[in-house]
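Q: Below are the sequence and a predicted model for it; my questions follow.
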Amino acid sequence: MGVLAILRQMTAADRSAEFARILAENRRYTDAFDRSALTAKPLSRLAVVACMDARLDVEETLGLRTGDAHIIRNAGGLVTDDVIRSLIVSVEMLGTQEIVLIEHTRCGLQDLDEDALRGRVAEDSDGRGDSDVMTFGAFTDLEENLRRQISILREHPFLGRLAIHALIFDVSNGRLTELA
């Protein structure tokens, strides 16, 4: 059963309980909020592109605080057109000078059967869209995929002049390893 099918089976109360919880957390957060003096510019002049995997807490892993860096996340930590757009804004408007790309072990996109996922999306959407045109960024070799993403950045005419680093996060122990 797909995610959308599961969501359809959840009651409105189930969905509303989690939403109410996060709004309550925000009220708690605002009571201690002290970051109004920060600007949009990253204090470290660093932008991080990382996978959206919930096991990877980018700020904690890198010892970053709010305001230190721009964090851009998506499934797989892939360098998509939108990531490039965001990085160019970060560099040209906000002073970013260095980019770190983080992918991780046991990624859901590694060895993913894209055709099967497209079929699942089509089934869950009851035919409301064309899933055949979707690509998800599946890959078989983590290091090769990370090298491909870094190559996109290094070869980009507006971003290639920056310091660009590649790291692999090990979900079993939290260790970062630099890709040689």
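A: Ah, there it is.

Q: Assign the closest residue to Met52 other than its chain neighbours to helix, strand or coil.
A: In this structure, Met52 finds its nearest non-sequential neighbour in Arg73, 4.5 Å apart by C-beta to C-beta, 6 or more residues apart in numbering. No exception for glycine: its C-beta is placed from N, CA and C like everyone else's. Applying DSSP: H, G, I helix; E, B strand; the rest coil to Arg73 yields a three-state assignment of strand.

Q: what residues are up against Arg73?
A: Contacts for Arg73 were tallied using C-beta atoms under 8 Å, 6 or more residues apart in numbering; they are Val49, Ala50, Cys51, Met52, Val58.

Q: among those, which ones are buried?
A: Val49, Ala50, Cys51, Val58 (16 or more other C-beta atoms under 10 Å).

Q: hey, what's the most centrally placed residue in the chain bridged with?
A: For the chain, the residue nearest the mean C-alpha position is Arg73 (1.7 Å; C-alpha atoms, centre = their mean). Assessed by DSSP bridges, Arg73 has beta-bridge partners Ala50.

Q: quick one: it from Glu18, how far?
A: Counting by C-beta to C-beta, to the nearest Å, the gap from Arg73 to Glu18 is 20 Å.

Q: So, low pLDDT: which residues of this structure?
A: Scanning the chain for pLDDT under 70 picks out 1-15, 127.

Q: Tell me where the longest helix sits in it.
A: helix 12-31 (DSSP state H).

Q: Quick check, Thr140 in contact with Leu112.
A: No - assessed by C-beta atoms under 8 Å, Thr140 is found out of contact with Leu112, at 9.3 Å.

Q: Show me which of the two is the more surrounded one.
A: Set side by side, Thr140 and Leu112 show more neighbours around Leu112, with 17 against 10, by other C-beta atoms under 10 Å.

Q: for that one, helix, strand, or coil?
A: Going by three-state DSSP: Leu112 is coil.

Q: Check Ser172 too.
A: coil.

Q: And for Gly108?
A: Secondary structure for Gly108, judged by three-state DSSP, is coil.

Q: Same question for Ile102.
A: Ile102 ends up strand, using three-state DSSP.

Q: any idea how far it lies from Leu117?
A: Counting by C-beta to C-beta, the separation of Ile102 from Leu117 is 23 Å.

Q: More neighbours: the two, which one.
A: Neighbours per residue (other C-beta under 10 Å) separate Ile102 from Leu117, with Ile102 holding more: 23 against 18.
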